[in-house]
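A.B. asks: Structure for this input, please:
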Amino acid sequence: MIENTRQTRKIQLSGGSTYIISLPKEWVEELQIKVGENITIMKNSNQSLSLFRHEQNNQKENIATIYLNQKDSGDSIKRKIIAIYLAGYKIIQIKTKGMKISLEHSKSVRELVRSSMIGTEIVESSSDAITIQILTRLPELSFETALKRMYLMATNMIKESIESLEERDILHANGVINMDDEVDRFGLYMRRNLVLAIENQNILEEMGLQRPADCLEYRTIVSKIERIADHAGLIAKRIKFIEDKIEPKIIIKIKKLAEKSLQVFEEAITAIQNHDFQKGENVADKVSKVIEEEKEIMSNIKENEKNSTIIRFVLEDLRRIAEYAGDIAEVAIDENIHKIISNK
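C.D. replies: Numbering: from 1, shown residues only. Sure thing, here's the model as predicted:
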């Protein structure tokens, strides 16, 4: 293992037009770089240069193996697989030591692959081993496309949860709850790609990002959209506890608050997409107004009023949606603050 990871070398001029830099011999030997091998040089956005081999055989590094035992729960196995998926491995091997994989464990793995992990498939399955193969990225599903789909799904969840609330439609509400799984699928897919992009300049550029630091900001955005979808799902889950329909005057107030939360969410995403500092600022101001309105409606709800507890929870969900949208807007503000800084 190379302990010395930094050296200073002089740039030399050869033939009047070619600049040359030598590589430390011990580095070349340890990395097993051969004479005549192609090396790719990449200019990074932070004014640095990266060198990497044209073809890297990282198959061993891209395989992760976990061993199960009888005490493992299905949820524990799912957490381990998701962590490996997010870490960027291409192949996940699930094995046992001298015993068969239980039906419960096998079912948990298959359910996870089918419902939560985009671009994955089970390529091998036996009584004592399951192998999951993961496509690094789906060419037809760019980062921008996936983010837009997440936003649209979360928006639809909010709209449909309020419609279900108004009609007290439990069947419709159950459909909204199921949509949350789809949002989570895209969230996992995007977080995985952000991890890969931090380590690979090519992937970073293909995703339309400029700096590795952008990955941290977009990870925040993905997480906030997931939380917004969670609260839309919570509204839908509360519907089965409603006694009769909620009074029309209360429904009107809830719908207006929902519209304002949706507007804040939409403008926050627009601020991110357009790299618009001022729109991000405007969103932050509107979030404060949503919070004030939620408090006002909440203060007028009587404790003994029918469905008062459910109404309070729904109002809180709508407030939290606006607050998460505000967090997204703050990313736009932080990312574009340089546009208003004067160097004079």
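A.B. asks: now the stretch 51-200 of the chain, which segments are flagged as low pLDDT?
C.D. replies: Across the stretch 51-200 of the chain, the ranges flagged by pLDDT under 70 are 53-61, 136-141.
A.B. asks: Let's see that with 90 instead.
C.D. replies: Within the stretch 51-200 of the chain, the stretches falling below the threshold (pLDDT under 90) are 51-62, 68-74, 87-88, 96-105, 114-119, 126-128, 134-148, 189, 193-200.
A.B. asks: where do the strands sit along it?
C.D. replies: Remark: strands assigned in the stretch 51-200 of the chain by DSSP state E, counting those that start in this stretch are 63-68, 91-96, 120-125, 129-134.
A.B. asks: Serialize these to a markdown table and add fields for mean neighbour count and distance to Glu247.
C.D. replies: From N, CA and C alone the C-beta is placed, and that goes for glycine too. As requested, the strands of the stretch 51-200 of the chain are arranged in a markdown table below (neighbours: other Cβ atoms under 10 Å; distance: least, Cβ to Cβ, whole Å):
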| stretch | mean neighbour count | distance to Glu247 |
| --- | --- | --- |
| strand 63-68 | 15 | 53 |
| strand 91-96 | 19 | 52 |
| strand 120-125 | 14 | 47 |
| strand 129-134 | 19 | 50 |
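A.B. asks: which other residues reach stretch 266-275?
C.D. replies: With contact meaning Cβ atoms under 8 Å, 6 or more residues apart in numbering, stretch 266-275 is reached by 144, 151, 155, 221, 276-277, 279-280, 282-283, 286, 325-326, 328-329, 331-332, 335-336.
A.B. asks: I'd like the average pLDDT over that stretch.
C.D. replies: Stretch 266-275 carries an average pLDDT of 93.
A.B. asks: for the protein, what spans make up the helices?
C.D. replies: With DSSP state H as the definition, the chain shows helices at residue ranges 25-31, 74-87, 103-116, 143-167, 170-199, 201-206, 212-238, 248-274, 277-299, 308-335.
A.B. asks: Strand 120-125 and the fifth one, what's the angle between them?
C.D. replies: By that I understand helix 170-199. On the basis of axes from the mean of the first three to the mean of the last three Cα atoms, to 10 degrees, helix 170-199 is oriented at 80 degrees to strand 120-125.
A.B. asks: what separates the closest residue to Asp181 other than its chain neighbours from Lys78, distance-wise?
C.D. replies: Counting by Cβ to Cβ, 6 or more residues apart in numbering, Asp181 lies nearest to Ser115, which is 5.8 Å off, once chain neighbours are set aside. As for Ser115, its distance to Lys78 is 10 Å (criterion: Cβ to Cβ, to the nearest Å).
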